[in-house]
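Chemist: Below are the sequence and a predicted model; questions follow.
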Amino acid sequence: MAGVGCARSLEAKRVLLIVGGGIAAYKSLDLVRRLRARGARVRVVMTAAAKEFVTPLAFVSLANEKVYDDLFSATDEQEMGHIQLSRDADLLVVAPATAHILARAARGLCDDLATTLLLATDKRVLYAPAMNVRMWLHPATQRNVSTLHGDGAWFVGPNVGDMACGEYGPGRMSEPLEIVQAIETALKQDTLLPAPEGLSIRGGALEGLHVVVTSGPTHEPIDPVRYIANRSSGRQGHAIAAAAARAGARVTVISGPVALPDPPGCETTHIESARDMLAAVNAALPADIFVAAAAVADWRAEPAVDKIKKGERGAPSLSLVENPDILASVSRGPNRPRLVVGFAAETRDLIRHAQEKLARKGCDLIVANDVSEGTGVFGGAMNQAHLVSRAGVEDWPRLRKEDVAERLVARLAQLIGGEMS
Ligand code: C5P
């Protein structure tokens with residue numbers, strides 16, 4: 001592989017290699033050999049499951065060091081306590097990182113030596129995930145990966161390809177030389193810097209796609225201090241953007257004024273009015289998927305330059321003009337993404353209105369939800385959605401907005417995958 005491992009590139013570097021229980025553990029033997037050939041000192045820690053695949057003796061022979069596997073070993077603790085073991089390294093590498101290790105590490109569990117070291121360390125951790133494609137794409141694993149990523153961990157892989165279980169897709173552990181290259185990069189960087197391009201999460205269901213999401217309300221100025229707004233919190237749109245980013249997409253969010261932090265892993269542009277939102281969306285295109293989750297104000301006032309004063313003539317009257325329809329304009333525009341998704345927030349005749357909207361706006365899907373009083377959808381944590389397309393209506397149960405987002409992203413991946421194949 002080009003550019004990998006000039007001789008002794010890891011001279012005197014200390015790598016703590018945690019080997020999880022997956023068939024890819026056999027590749028970690030080669031990893032140890034290659035790290036040592038570059039001058040690194042490698043200490044190996046195995047989980048109980050790892051020892052079902054490869055014997056500790058194989059690692060002892062290659063690392064020329066004892067292998068650690070027991071949290072409660074009195075001898076090991078006396079020789080080198082587990083805290084020291086985790087700190088006495090320049091980098092922790094988990095290869096293969098199984099779904100189980102990722103889940104435990106994301107939760108901060110420490111029920112064996114491997115996970116205890118991950119919790120006790122003050123060093124960068126590099127994960128090389130390896131698992132079945134469904135396990136990798138499962139929202140739970142993607143959530144764990146994004147939690148660890150947010151905590152500062154780096155990832156190399158997984159790669160897309162044939163799997164030991166006979167399936168095909170993302171989930172293969174990176175090759176030893178790719179992991180060596182990631183280790184060299186990690187050891188060159190200031191440990192506090194975020195992962196550089198190519199060393200963040202790969203292999204998600206929307207890998208390589210650009211997704212644009214609008215979220216939140218718009219504010220339409222009446223004068224320099226007053227505006228027209230609505231009750232949208234942006235929670236659903238932000239959750240969709242975060243879920244798309246976890247699935248590997250490059251995500252651009254165009255957000256109206258909300259009280260939420262920017263969704264993790266996305267590039268967020270903040271706007272106030274519908275016209276600004278349209279301009280920002282157009283600037284973000286082209287994209288593969290457009291999700292219009294914002295509650296865009298339908299009308300705006302012609303704003304006064306100065307604050308309107310309370311006068312003797314009573315209340316002023318506002319003359320309203322229609323705002324541009326962002327969803328319709330993207331759907332029918334020259335840069336139309338392959339999948340365009342709108343929302344329909346209604347208080348009655350939900351499905352009929354959603355079907356009309358699908359035709360009128362020219363989009364591919366409408367996520368319809370009942371926002372009548374008592375549902376608590378606007379601003380709340382839960383949502384009950386119906387997915388309306390030309391093929392029919394899917395009724396989803398009442399779910400947390402994050403779970404609606406995960407489901408929607410999974411459906412978008414399916415639809416765009418079907419369209420591409
Ligand atoms: O027309 P209505 O507001 O009911 O349609 C809702 C859908 O259209 C949502 O997806 C919303 O984001 C989008 N929309 C828009 N621009 C507007 C009005 C609505 O993109 N001006």
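Modeler: Great, that's in hand. Residues are numbered from 1 along each chain as shown.
Chemist: Leaving out the residues flanking it, which one is nearest to whichever residue of the stretch 51-200 of the chain sits closest to the ligand?
Modeler: Evaluated by Cβ to the nearest ligand atom, the stretch 51-200 of the chain has P139 as its residue closest to the ligand, separated by 23.4 Å. All C-beta atoms are positioned from the backbone trio N, CA, C, and that covers glycine. Using Cβ to Cβ, 6 or more residues apart in numbering and skipping residues adjacent in sequence, the residue nearest P139 is E406, 4.4 Å away.
Chemist: Surely that neighbour is in contact with A242?
Modeler: No - counting by Cβ atoms under 8 Å, A242 is not a contact partner of E406; they are 9.6 Å apart.
Chemist: just to revisit the earlier point, next, the buried residues of whichever strand or helix holds the residue nearest to P139.
Modeler: For E406, the host element (DSSP states H and E) is helix 401-420. Under the neighbour-count criterion of 16 or more other Cβ atoms under 10 Å, helix 401-420 has 401-413, 415-416 buried.
Chemist: Next: stretch 85-99.
Modeler: Neighbour-count burial for stretch 85-99 flags 85-86, 89-99 (criterion: 16+ other Cβ under 10 Å).
Chemist: likewise stretch 325-343?
Modeler: Of all the residues in stretch 325-343, those buried under the rule 16+ other Cβ under 10 Å are 325-328, 330-331, 336-337, 339-343.
Chemist: Turn the residues you listed into TSV, including pLDDT, secondary structure and distance to the ligand.
Modeler: Listed next are those as TSV, based on pLDDT from 0 to 100; DSSP: H, G, I helix; E, B strand; the rest coil; distance: Cβ to the nearest ligand atom, whole Å:
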residue	pLDDT	secondary structure	distance to the ligand
D325	97	coil	4
I326	98	helix	3
L327	98	helix	3
A328	97	helix	7
V330	98	helix	8
S331	98	helix	9
R336	97	coil	14
P337	97	coil	13
L339	97	strand	13
V340	98	strand	9
V341	98	strand	8
G342	98	strand	3
F343	96	strand	4
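Chemist: Rebuild these as CSV, extending it with distance to A249.
Modeler: CSV is the format used below for those (distance: Cβ to Cβ, whole Å):
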residue, distance to A249
D325, 25
I326, 20
L327, 19
A328, 23
V330, 17
S331, 20
R336, 18
P337, 12
L339, 12
V340, 15
V341, 13
G342, 19
F343, 19
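Chemist: Among these, which one lies nearest to N369?
Modeler: Distance to N369 across those (Cβ to Cβ) is lowest for F343, with 7.2 Å.
Chemist: unless I'm mixing things up, the closest one is touching I326, no?
Modeler: No - here F343 does not reach I326: they are 11.6 Å apart, not a contact under Cβ under 8 Å.
Chemist: what sits in contact with each of those two?
Modeler: Here F343 and I326 have A292 as joint contacts, going by Cβ atoms under 8 Å, 6 or more residues apart in numbering.
Chemist: where does the stretch 1-150 of the chain have low pLDDT?
Modeler: For the stretch 1-150 of the chain, the stretches flagged by pLDDT under 70 are 1-6, 74-75, 78-80.
Chemist: For it, just list every one of the strands.
Modeler: Ranges of strands within the stretch 1-150 of the chain are 14-19, 41-46, 67-68, 91-97, 125-129, based on DSSP state E, counting those that start in this stretch.
Chemist: Quick one: residues contacting the residue of the stretch 51-200 of the chain closest to the ligand.
Modeler: 243, 406, 410.
Chemist: And the helix or strand where the first one lies, how far out from the chain middle?
Modeler: Element membership of A243, judged by DSSP H and E, is helix 235-246. Its chain's average C-alpha position is 8 Å from that of helix 235-246, according to Cα atoms, centre = their mean, to the nearest Å.
Chemist: and the direction of it versus that of helix 401-420, what angle?
Modeler: Here the directions of helix 235-246 and helix 401-420 differ by 50 degrees (axes from the mean of the first three to the mean of the last three Cα atoms, to 10 degrees).
Chemist: Contacts for helix 235-246, please.
Modeler: With Cβ under 8 Å, 6+ apart, helix 235-246 has contacts from 139, 142-143, 145-146, 201, 204, 206, 211, 213-216, 251, 253, 255, 258, 260, 262-266, 289, 291, 293-294, 343, 379-381, 383, 401-402, 404-406, 408-409, 412.
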